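Peer 1: Here is the input, now give the coordinates:
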Amino acid sequence: MKKGIRFLAAVVVGAAAAIALMLAVPKQKAEAATLPVAYLGVDVSSYQGNIDWTQVASSGVTFAMVRIGNTKYGLDTKFAQNVVNATNAGLRVGAYVYTYATTPEEAAADAALAVDTMSGYPITFPVALDIEDKSQKNLPASTQAAIVNTFCEILENAGYTCVVYTNKNWFETKLAPVAWDHWVAQYGSACTYTQPYSMWQYSCTATIPGISGKVDVNYLYEDYFNEIIPNGQVTIDGLTYNYSNWLRTNGFRTENGVTYFYDVNGNKVKDKTVTTDDGTILRMCKDGHVVKSTAEIRSYAATARANLQSAVNALSTAQNALAAAQAAYDSALAAYQPVQAQIDQAAQAATQAAAAYQASPTDANLQATATAAVAQYQALLQQDVVTNYTTAQTNLTNCQNDVNTRAVAVQAAQAEATAAAEAANIPD
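Peer 2: Residues are numbered from 1 along each chain as shown. Here you go, the predicted model:
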């Protein structure tokens, strides 16, 4: 969830470039003028090699997000070194997990690894889940949200502040809305992501003193410096949190899939509603369970439910069309069957006449056979049986094709309705 005051990040990466870089920061947050010049950050991994964090800090960088690793490939070999040295250089240090999880269970394993790895290290900034791998891009949006929520709930229960990282397009088209701070990647001079975000990764090719080669750089829009503290209490949006050694000892906790809020005395908060600065509604219900509702979630849910209703209507239309096609087929079949019977009788008469001629191939029998066949055919013509047969047969074929087409349409509409129902399963 979004907490606290958002502020405009201005950046200083060296005395000569300070003014130019500060002017380059997008003027998005009205609150910026009331807050101090802040904050440029980097996110790093073993790819950056050995980092001179003293130089990094001297360049104006104030925080670092350090890769932990994941259960697929193990720990980042520079995690401990980066956390300790960045902290000693005076930076605030958070961490992130690039996850390959495709199920909530795998996300839970990554979360357990993160908690275990960070134990004993001074993690003084948020912990992020990075979800952007190609193995996840075709997962249902709700499954991706479950992966994010599982990871973040475990980290939150352990006392950390959680954020979710991915690129702008992924947030907008692949991941169902989640009520955690957003760290959005969009490279360029402006971020056009329309939902609230706490950090913006604006480049992956920056040059920072003390770091060899290119590095990711980020602007910060959330006051984590004052929201995450070493010890004591901090009140954010009417909710008070207690910290001990940089970890929250109270606050939101998830138990058996249900989230509650505990006050500084360990009491479960009940029957209270809080609205945060960005419009997130936190409702502590009468039994204590918490419903987190962001503007993004509410908009997504409304759209998803409208899509579900459209899909249900389309399915109903397709089913009705299939029923009508089936009825037309049944009628065509009823018209076809007696005509087919007449044709069968004529064929049988011709067969019998031919058999009589074969038994006694005389001219008299041949003449009688030919006369009988011609008479039968002329009788059928007079009754329009041949014409009716051709018409009935064509109509029957067309009706069968229509039934087949309508059946395919029903299957497609059913799939759309199922997908829409899953997408609409988002609380508002």
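
Peer 1: what about residue 309, helix or strand, and which?
Peer 2: In this structure, residue 309 sits in helix 295-359 according to DSSP states H and E.

Peer 1: Ignore what I typed, I meant residue 397.
Peer 2: Element membership of residue 397 [criterion: DSSP H and E] is helix 385-423.

Peer 1: ok, now residue 87?
Peer 2: Going by DSSP H and E, residue 87 is in helix 79-88.

Peer 1: Could I get the buried residue list for that helix?
Peer 2: 79, 82, 83, 85, 86, 87 (16 or more other C-beta atoms under 10 Å). Where C-beta positions appear, they are placed from N, C-alpha and C, glycine not excepted.

Peer 1: now for it, which elements pack on it?
Peer 2: helix 53-58, strand 61-67, strand 92-98 (3 or more C-beta pairs under 8 Å, 6 or more residues apart in numbering; DSSP states H and E).

Peer 1: Which strand or helix spans residue 106?
Peer 2: Residue 106 is part of helix 104-118, with elements assigned from DSSP H and E.

Peer 1: which residues touch stretch 71-88?
Peer 2: 44-46, 48-51, 53, 56-57, 64, 66-69, 93, 95, 100, 106, 109-110, 113, 117, 121-124 (C-beta atoms under 8 Å, 6 or more residues apart in numbering).

Peer 1: Output the contacting helices and strands for the helix holding residue 309.
Peer 2: If you count contacts as 3+ C-beta pairs under 8 Å, 6+ apart, helix 295-359 packs onto helix 363-382, helix 385-423.

Peer 1: And those helices, which one averages the lowest pLDDT?
Peer 2: Lowest mean pLDDT of those: helix 363-382, a mean of 68.

Peer 1: Is residue 414 in contact with residue 315, as I believe?
Peer 2: Yes. Counting by C-beta atoms under 8 Å, residue 414 touches residue 315, with 5.9 Å between them.

Peer 1: what about those two, which has more around it?
Peer 2: residue 315 (21 against 15; other C-beta atoms under 10 Å).

Peer 1: With adjacent residues omitted, what lies nearest to the more buried one?
Peer 2: Leaving aside its chain neighbours, residue 315 sits nearest to residue 413 (4.0 Å; criterion: C-beta to C-beta, 6 or more residues apart in numbering).

Peer 1: measure that neighbour to residue 82 for me?
Peer 2: 53 Å (C-beta to C-beta, to the nearest Å).

Peer 1: which strands and helices sit next to the helix or strand hosting residue 241?
Peer 2: Per DSSP H and E: residue 241 is located in strand 239-244. With contacts taken as 3+ C-beta pairs under 8 Å, 6+ apart, strand 239-244 sits against strand 231-236.

Peer 1: Contacts for the strand it packs on next, please.
Peer 2: 3, 4, 226, 227, 240, 241, 242, 243, 244, 245, 264.
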